[in-house]
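[1] Pasting the sequence and the predicted coordinates here, then a few questions.
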Amino acid sequence: QVQLVESGGGLVQAGGSLRLSCAASGRTFSTYAMGWFRQAPGKEREFVARINWNGGSTYYADSVKGRFTISRDNAKNTVYLQMNSLKPEDTAVYYCAAARTSSLRVYEYDYWGQGTQVTVSS
């Protein structure tokens, strides 16, 4: 069982930056791949970024590539999402999730956090 708690969301102007954190409970965090997803009002939850168990492999959605960076610290049971050059279309609730294998698919993630709101004003 893995419990996930996101933090770091907020209101920022376009072009600004935020860093999201996702703190995980449990001794097995380092065995899980981790992902960030987001969901805007009226839209489906979409993949943002994922990282494998040791941080050696990452993958990004085209919409955030070059602006967002996913990382993890297994000693702290935490995964991060550094978001730079934010745009109004990045506005959404951001969720972190844990999966047994690296994946882009929502349904392959076993555990989810409660989400943190990111709002980018123009």
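    Received the coordinates, thanks. Note that the coordinates shown come from a computational prediction; the quantities given were computed from them, not determined experimentally.
[2] ok, Glu44 to Ala92 distance?
    In this view, Glu44 and Ala92 are 11 Å apart by Cβ to Cβ, to the nearest Å. (C-beta placed from N, C-alpha, C; glycine too.)
[3] Looking at the two, which one has more neighbours?
    Set side by side, Glu44 and Ala92 show more neighbours around Ala92, with 22 against 8, by other Cβ atoms under 10 Å.
[4] ok, the more buried one - contacts?
    Arg38, Gln39, Ala40, Lys43, Gln117, Val118 (Cβ atoms under 8 Å, 6 or more residues apart in numbering).
[5] So what does it look like in phi/psi?
    With angles defined as degrees, to the nearest 10, Ala92 sits at phi -180, psi 170.
[6] Walking through the chain, point out its strands one by one.
    Listed in chain order, the strands of the chain (DSSP state E) span 4-7, 10-13, 18-24, 33-39, 46-51, 58-60, 68-73, 78-83, 92-99, 111-112, 116-121.
[7] how about JSON lines for these, with distance to Arg105 added?
    Formatted as JSON lines, the strands of the chain follow (distance: least, Cβ to Cβ, whole Å):
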{"stretch": "strand 4-7", "distance to Arg105": "18"}
{"stretch": "strand 10-13", "distance to Arg105": "28"}
{"stretch": "strand 18-24", "distance to Arg105": "18"}
{"stretch": "strand 33-39", "distance to Arg105": "9"}
{"stretch": "strand 46-51", "distance to Arg105": "8"}
{"stretch": "strand 58-60", "distance to Arg105": "12"}
{"stretch": "strand 68-73", "distance to Arg105": "16"}
{"stretch": "strand 78-83", "distance to Arg105": "18"}
{"stretch": "strand 92-99", "distance to Arg105": "9"}
{"stretch": "strand 111-112", "distance to Arg105": "13"}
{"stretch": "strand 116-121", "distance to Arg105": "21"}
